[in-house]
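Colleague: Give me a model of this one.
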Amino acid sequence: MCLDSARSPSFPADLCFPFSISSAQGLAFQGKLGLNGFVDEAQAKQSWLTNGTVDPLHSFDSSGMASLSVTNGPFLPQWQTSPVLQTSMVNENLFEDLNVAQTARDCIGTESAVVGGFVSAPPGSTSDPNPTTSFFATLLSMWEGKQVDYSGDPMANLFIPIYDRLEGNQRNIVGVLKSTIHWRTHLTNILPKTNHGISVVVENSCDGNFTYLLEGTEVQVVGFGDQHDRAFSDYEIVGKFLADKIDDGTLDGIPFNQVGCPYAFHVYPTQQDLDSHMTKNPMVISLSVAAVFVFTIGMFFSYDHLVERRQRLVLAKAAQSTAIVSSLFVSKQLRSLLGVFYAHLVCSCAISPSKFGTACSRSKMTKEKETP
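Modeller: The predicted model follows:
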């Protein structure tokens with residue numbers, strides 16, 4: 001874009017410079033990517049004033065019809081666009097576009113980057129008769145790479161000044177860069193898929209609020225106004241732009257002006273998000289762990305009881321066996337006397353073996369067996 005000062009003494013004469021572009025090359029490149037099929041040809045045709053490559057300085061009315069610019073200046077002709085559209089956007093005087101004119105003037109006047117207020121239109125497709133609706137739907141379709149409709153949610157325009165030199169305090173603005181911001185796109189894919197609902201209210205001090213519902217990676221349009229659940233107002237988290245300049249690779253950067261229409265982002269939980277966390281799973285897990293401990297303790301006591309019972313049985317059997325053995329055999333004192341008698345018998349055999357006969361023979365045989 002360029003500031004045309006030819007018809008206005010308010011701007012220096014060197015504030016505009018020529019810029020040559022080839023729309024045909026841009027369209028050819030986009031054609032290879034399959035991005036040219038989203039523009040409504042009938043609307044594109046009615047946007048042209050001539051059959052030439054570029055129309056003279058012009059503007060559009062609310063129906064999208066082009067007409068020659070009749071203002072006395074200054075002018076802000078649009079000289080280059082990305083993506084390249086088949087509508088006659090080159091040489092459109094943006095100072096006559098009510099959606100962007102004031103933001104562009106603020107950018108030039110403050111020599112800083114400025115974000116404008118909400119810009120919206122009725123929901124619709126790329127062939128919608130409303131030119132703003134079809135324009136937004138076309139941009140979204142080219143971004144997604146498929147035919148999508150515009151949901152009626154707000155956009156915003158960011159204007160960044162372009163200087164005649166990179167550094168120094170004597171820089172002059174020779175143009176501006178305009179970027180269309182789709183807030184819904186910037187809110188997409190910022191939460192995990194497991195999230196079940198976060199309410200985001202985008203606040204613009206100039207145009208009010210707009211509410212979105214974030215469900216996982218998707219963003220649902222709720223509508224204009226602050227429509228968050230008031231039951232969760234105490235859990236609000238507010239975010240704002242903290243940077244006071246934009247890093248463009250130069251030493252000083254580009255100042256970022258938020259005085260005009262500052263933005264704020266209010267984040268709230270929802271009932272769906274609360275319900276997803278207020279479940280019986282913790283109780284079930286706790287009871288399961290407790291049941292495992294109770295089962296383990298029960299098994300321990302059961303095992304201890306069985307072992308003790310077995311020990312009692314073994315001891316009872318041992319005592320019974322001892323009693324039986326004791327009843328079958330003579331007492332200890334008698335066994336001692338028998339031992340003495342046996343020793344006496346052996347001794348007598350040694351002295352007079354013929355006198356004791358068989359007993360001595362048996363004793364001798366037993367002794368031989370016991371001798372190794």
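
Colleague: got any ranges where the chain has weak pLDDT?
Modeller: Counting by pLDDT under 70, the chain contains low-confidence ranges at 1-22, 52, 325, 328-372.

Colleague: Break it into its domains for me.
Modeller: Each structural domain of the chain that the record assigns through automatic domain parsing is listed here as a residue range: 1-97+120-153, 281-370.

Colleague: could you pull out the strands for the stretch 51-200 of the chain?
Modeller: Read by DSSP state E, counting those that start in this stretch, the stretch 51-200 of the chain holds these strands, from start to end of the chain: 58-60, 66-68, 113-115, 155-163, 173-182, 198-204.

Colleague: strands paired with the longest one, and their directions?
Modeller: Using DSSP bridges, the strands paired with strand 173-182 in its sheet are strand 155-163 (antiparallel).

Colleague: next one: the partner strand to chain centre, how far?
Modeller: Distance of strand 155-163 from the chain centroid (C-alpha atoms, centre = their mean, to the nearest Å) equals 29 Å.

Colleague: same thing with stretch 88-99?
Modeller: The chain centroid and the centroid of stretch 88-99 are separated by 38 Å, computed with C-alpha atoms, centre = their mean.

Colleague: now do stretch 55-67
Modeller: 43 Å.

Colleague: got the contact list for that stretch?
Modeller: 4, 43, 46-50, 68-69, 75, 77, 88, 90-93, 96-97, 129-131, 134 (C-beta atoms under 8 Å, 6 or more residues apart in numbering). Placement of C-beta: from N, CA and C, glycine included.

Colleague: Ends of that stretch, what's the gap?
Modeller: For stretch 55-67, the first and last residues are 10 Å from each other (C-alpha to C-alpha, to the nearest Å).

Colleague: Name the residues of that stretch that come out as buried.
Modeller: Of the residues in stretch 55-67, those scored as buried under the neighbour-count criterion (16 or more other C-beta atoms under 10 Å) are 55, 57-60, 64, 66.

Colleague: Next: stretch 206-224.
Modeller: 207, 209-215, 219, 222, 224.

Colleague: Stretch 222-237 now?
Modeller: Applying a neighbour-count criterion of 16+ other C-beta under 10 Å, one finds 222, 224, 226, 228 buried in stretch 222-237.

Colleague: Now secondary structure and distance to Ile160 too, for those, in JSON lines please.
Modeller: Rendered in JSON lines, the data for these read as follows (DSSP: H, G, I helix; E, B strand; the rest coil; distance: C-beta to C-beta, whole Å):
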{"residue": "Val222", "secondary structure": "strand", "distance to Ile160": "30"}
{"residue": "Phe224", "secondary structure": "strand", "distance to Ile160": "27"}
{"residue": "Asp226", "secondary structure": "coil", "distance to Ile160": "30"}
{"residue": "His228", "secondary structure": "coil", "distance to Ile160": "32"}
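
Colleague: Dump those to CSV, plus distance to Val174.
Modeller: Output for the buried residues of stretch 222-237, formatted as CSV (distance: C-beta to C-beta, whole Å):
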residue, distance to Val174
Val222, 42
Phe224, 37
Asp226, 41
His228, 44
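
Colleague: now, the most widely separated pair of these?
Modeller: The largest distance within these, taken as C-beta to C-beta, falls between Phe224 and His228 and amounts to 13.1 Å.

Colleague: Fine by me, we can end here.
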